[in-house]
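[1] Provided below for reference: sequence and predicted model.
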Amino acid sequence: MSAVPASARSLGLAGCEVCGLVSRLPPGKSAAHCPRCGERLHFRRRASVESCWALVIAALILYIPANLLPVLTTYTPLGVETDTILQGVVELWSPSSWPLAIIVFVASITIPLGKLIALAYLLITVQRGSIQSTVQRARLYRMVKFIGRWSMLDVFVDTFVVALVQLKPLMWVAAGPGVIFFAGVVVVTMIAVNCFDPRLIWDLPEKENDVRQRSPA
Amino acid sequence: MSDNEVLPDLPEATARPRRSRLSVVWIIPIIAALLGGWIAVQKLLAEGPTIEISFASAEGLVAGTTTVKYNGVDVGKLQSLKVAGDRQRIIARVQMAPETKDWLLEDTWFWVVRPRIAGGSITGLGTLLSGSYIGMAIGKAGERTDSFTARDVPPVVAGDTPGRFFLLKAANLGSLDYGTPIYFRRIQVGQVASYSLDHDGRELTVRVFVNAPYDRFVKPDTRFWQASGLDFSLNANGLNVQTESLVSLLIGGLAFDTPAASVEDAAAAAETSFELFANEALAMKAPERGATHFVLYFDESVRGLSVGAPMTFLGLPIGEVASVRLEAGNRKNLQVRARVLVAAYPQRFLDILANPQELTGGKQPSPATRKLIVEQLVARGLRAQLRTGSLLTGQLYVALDYAANPASAKIDWTSEPPAFPVVRGGLTDIEAKLTSILAKLDGLPFEAIGSDLKKSLATLAGTLKDVDTLVKRWGGELTPELKGALVDARRSLAAAERLFDSAGKVVAPDSATLVELRGTLAEVKRTAQSLRVLTDYLERHPEALIRGKSEEEQ
């Protein structure tokens, strides 16, 4: 534990998140601002855990209609067919296109859900002050942040299909309400990831460290 | 303060009073929850009643895909199919739309829409591509229920279609079926809704529906008939082909009409029962009022004269043959002859008159007046005669026409019904005429003509002798020219004598020419007889025209 370096906070310093200037925060409850660019300064992002939780919960709520409502409505002379995401996967699951089914399944169902679970895990561990596997959790956070942009795949596929398959009156495709909810899930999750302050992962070990360092002093 | 010493150059951050505020971020999950909740409520509200429909077969039905349609609008979706406990039927669970709540009455009709050809129309063609769906017709009566039995066929008449049902009693179904069209003046005005065999199996009851504006043309006296396909009839009126429309030609149909006399009647009540006739002629045959019967006695063949054959007056129909029998007289005075009973309809006679007022004075003629009129007509030579309506079929009819030179005759009012005078007619006439020509030829005074000729010749011979003597006497005095002329004249007279002589031979009773003439006439007579035999045979076997004489006949 002694290997843990001293953090800026433990020294009463905070880095500006915009211009990167490290400055000393004034004591007391007043809000600190960067002397160079005027950005608010915090030791940690304000209400990070709280807003991240709010957004994760919002994303989870949106995730339900996103999966229950149809994302694609196909009009053919044979009739009208509505497909939810999962139905689309089931339909793609054939000897010839099963790789496509796996891609859609991973991109549209596993990844959004995985991201939410990962975020919830990070939040819980931070709140409980866990000191276990901080490096893995940091890696998890980076992965979640990186993969966020790929979650829009399903929305892109939908918009492309809707734009391309317009062979009225023979056959045409319309987007279903599920797409909006799905896009909402992806966007809200990305904001949640941005709200999360990864520095929180190491805060507790540092505190322990501080305690250990300060107690002899 | 030890930190300041470590990093002395770092500036002091400016301090501002902190505003405490509620975290706005929680609005986002609240909005999400509201949205989700709203969607859920919508879904729940869209949830209608779940019903069970029992099908004989679930062919073409797919759980989760097959829809229930009312007039083409989706009002439900098939959720699951399972075999009923008794393994006889298939129970389908259907999730209905909420607006159908009040439609699910006991007589609501469900059926599987498949391609169907019935009632002159092809329906459900779309299902060839889209797959079957369940049709729904909203009922009108009964309690609300959630379990139904599907029918095999769609209802012919939607529950709220304005119009009336009528019942028709038919001997057989003909080419009727559900949806068979009903025509009124060749407009389709309704269709067959259902049919069932009566309990005793003797008759069928056909339930028909006549659509609203037309149902008022169904009167208590309206006649319905089968306009099924083609109605061929071959009678003394010739070949008769009747059909209502090309559609009815293919699939049959019904037609109705009301006799002119009853057109003004009030419309018939719903579910009134009518008799279904085989064809229009039978249906519309007016129950003739005031038929006057006459009996006609014919000595000739009445082959080809059938009951119902028309009786015409100068070619216009005024009656029909009621019966054709033989009558033998009594045993002492055996006289077998054909007795034809005809029914004449005075009303028809009046109807075809251009000026009935002048005859009747505007009121119905009394029986005495009628009698007088008929007697006058007979006195003017009106006779009944058998005529061939069609040479091809040999069908006969009774014609009332003025005979050319009738033997005086009177109506025998004493017999019941009165006997109307007749003349022979038809083909028999030709033979009679030929016979009378032969009789006239026979009656020519050939003998007298011959003896007259002989006398003339003798006189001529005397004259010639006188001339001869005269010439001899004048012999010396006459000039040679005159002599030559006289010789010429004598030669001419001799030639005339020869001519007269040969003429005498020609007209002699046993001369070859006369014999030949007679032979020819006899031949003509035989020809006429065999022609009659031939027509007789053809009357009995018209098919011989095509096939020749059949073996067993020979």
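    That came in fine, so what should we check first?

[2] Can you list the buried residues in the longest helix along chain A?
    Here the longest helix in chain A is taken by residue count, with DSSP state H as the criterion, and it is helix A:48-68. Buried residues in helix A:48-68, counted by 16 or more other CB atoms under 10 Å in any protein chain shown: A:48-49, A:51-63, A:65-68. Every C-beta, even on glycine, is put in place using the N, C-alpha and C of the backbone.

[3] likewise stretch B:52-64?
    Residues of stretch B:52-64 classed as buried under the neighbour-count rule (16+ other CB under 10 Å) are B:E52, B:I53, B:F55, B:A58, B:L61.

[4] Right, and chain A sits closest to which residue of the stretch 401-550 of chain B?
    Of all residues in the stretch 401-550 of chain B, B:I546 sits closest to chain A, with a separation of 55.1 Å (CB to the nearest CB).

[5] How is chain A divided into domains?
    Domain assignment for chain A, taken from automatic domain parsing, gives A:1-43, A:47-214.

[6] lowest-confidence helix or strand of the chain?
    The chain I'm using is chain A. Taking mean pLDDT, DSSP states H and E as the measure, helix A:199-214 is the helix or strand of chain A with the lowest mean score, a mean of 60.

[7] Hmm, no, I was thinking of chain B.
    The helix or strand of chain B with the lowest confidence, counting by mean pLDDT, DSSP H and E, is helix B:2-6 at a mean of 53.

[8] Can you give the distance from the following helix or strand past it to the centre of its chain?
    Along the chain past helix B:2-6, the next helix or strand (assigned with DSSP states H and E) turns out to be strand B:14-16. On the basis of CA atoms, centre = their mean, to the nearest Å, strand B:14-16 is displaced by 111 Å from the centre of the chain it belongs to.

[9] and strand B:14-16, what other elements does it pack with?
    Strand B:14-16 sits against strand A:31-33, with contacts defined as 3 or more CB pairs under 8 Å, 6 or more residues apart in numbering or on different chains; DSSP states H and E.

[10] Quick check: mean pLDDT of the strand it packs on?
    When the per-residue pLDDT values of strand A:31-33 are averaged, the result is 80.

[11] how about residue 109, phi and psi?
    All of this is about chain A. A:I109 adopts backbone torsions of phi -120, psi -50, taken as degrees, to the nearest 10.

[12] how about stretch B:526-536 as PDB, C-alpha atoms only?
    What follows is the C-alpha trace of stretch B:526-536 in PDB, where atoms were taken according to Å, rounded to 0.1, in the frame of the first residue of the first chain:
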ATOM      1  CA  ARG B 526     -97.700 -41.600-104.200                       C
ATOM      2  CA  THR B 527     -94.900 -39.100-103.500                       C
ATOM      3  CA  ALA B 528     -97.200 -37.000-101.400                       C
ATOM      4  CA  GLN B 529     -98.200 -40.100 -99.500                       C
ATOM      5  CA  SER B 530     -94.700 -41.200 -98.800                       C
ATOM      6  CA  LEU B 531     -93.800 -37.600 -97.900                       C
ATOM      7  CA  ARG B 532     -96.500 -37.800 -95.400                       C
ATOM      8  CA  VAL B 533     -95.200 -41.100 -94.100                       C
ATOM      9  CA  LEU B 534     -91.700 -39.600 -94.000                       C
ATOM     10  CA  THR B 535     -92.900 -36.500 -92.000                       C
ATOM     11  CA  ASP B 536     -94.900 -38.900 -89.700                       C
END
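
[13] buried residues in it?
    Judged by neighbour count using 16+ other CB under 10 Å, the buried positions of stretch B:526-536 are B:A528, B:T535.

[14] chain center to it: distance?
    Here the centre of stretch B:526-536 is set off from its chain's centre by 34 Å, with CA atoms, centre = their mean.

[15] Go through the buried residues of stretch B:52-64 and flag which are in strands.
    Members of these lying in strands (criterion: DSSP state E): B:E52, B:I53, B:F55.

[16] which ones are touching B:E203?
    The contact partners of B:E203, by CB atoms under 8 Å, 6 or more residues apart in numbering or on different chains, come to B:K169, B:A170, B:A171, B:L197.

[17] The last one reaches B:L204, doesn't it?
    Meaning B:L197. Yes: under the contact definition of CB atoms under 8 Å, B:L197 touches B:L204, with a separation of 5.7 Å.
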